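Q: Need coordinates for the below:
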Amino acid sequence: MQLKIKFIIFVGLVCCFSFGITFYRTSNFQEDLVVEQATRQAKMLFGQILITRQWVADHNGLFMLKAPGVEENPFLADGKILDEKGNWLVKRNPAMVTRELSVYAAREGMGQFNVTSLKPLNPDNIPDAFEKASLEQFNQGQPEVVNIEETAGVHRLRYMAPLIVDDHCLECHGGQGYEVGDIRGGMSVSIPIDWAYTEIKKNNRMLLSIALATIFIVSLTIYFLFDILVAKRLKILARQMDQYP
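A: Numbers count the residues shown, from 1 in each chain. From the prediction side, this is the model:
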């Protein structure tokens, strides 16, 4: 094999190795950045819902006109009252407000959130596998849990943090043996991030195209430079040496 071909192959391999490392690091950096941004979004949503729950708790719940889809909660004491006009009003505690807001948020594609515990009163609040594992970690002192899940090709970031018992919580959960300061449960937030992974794949394809084009241009340039600066001069030197007695 000619020296020129060997040299070009060597340079090409070095370029491939360098671009491979850059491609790998860039792809990981993009994913880390997406996870960090989605986590911040989940924490902001968690804080907003927490404030809403606190507002509902400070006002001892909300009462709404009973209607189809607005039914009485059988797990609440004094879950409905009759006003002076003969209308039934049903009570909404923080957990119910959270669940109903989650339905609206999911409908708009903003994510979902859920309040659960290892000892839920309402069967609808039974934790899933991620929530159960997170709740067990909270009991061991873990302040929060973040995880990326892929279900049926759909990516989502899941964030969960504990809910601490205060005086208002004891009105509904005092009979479960909780005391102020205990971890009653947790609230999980799910953020869809498929859009981010689509952008990452798009960027990776662009980086790969740039890398291949760069390697081709560099190899072609080296080929002609080697031919002009090295190969031709070696041929001249060889002819001169052949003429030497």
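
Q: any chance you could map the strands in this structure?
A: Counting by DSSP state E, the segments of the chain that form strands are 62-65, 80-82, 88-92, 112-116, 145-151, 154-164, 183-192.

Q: would a markdown table of those strands with mean pLDDT and distance to residue 12 be doable?
A: Glycine gets a C-beta too; all of them are placed from N, C-alpha and C. What follows is the strands of the chain, written out as a markdown table (pLDDT from 0 to 100; distance: least, C-beta to C-beta, whole Å):
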| stretch | mean pLDDT | distance to residue 12 |
| --- | --- | --- |
| strand 62-65 | 80 | 69 |
| strand 80-82 | 79 | 77 |
| strand 88-92 | 82 | 67 |
| strand 112-116 | 84 | 49 |
| strand 145-151 | 85 | 36 |
| strand 154-164 | 86 | 35 |
| strand 183-192 | 84 | 41 |
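
Q: how about these in TSV, adding distance to residue 207?
A: Shown next, in TSV, are the strands of the chain (distance: least, C-beta to C-beta, whole Å):
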stretch	distance to residue 207
strand 62-65	52
strand 80-82	60
strand 88-92	50
strand 112-116	33
strand 145-151	22
strand 154-164	20
strand 183-192	25
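
Q: How about the contacts made by the residue nearest the centre of the chain?
A: In the chain, the residue lying closest to the centroid (C-alpha atoms, centre = their mean) is residue 157, at 2.8 Å. Listed by C-beta atoms under 8 Å, 6 or more residues apart in numbering, the contact partners of residue 157 are 35, 38, 39, 42, 146, 147, 148, 149, 190, 191, 193.

Q: residue ranges of the helices in the protein, please?
A: Using DSSP state H, the helices of the chain run over 3-58, 94-107, 129-138, 170-173, 194-226, 232-243.

Q: Out of the ones you listed, which gets the lowest mean score?
A: Per-stretch mean pLDDT for the helices of the chain is lowest at helix 170-173 (a mean of 56).
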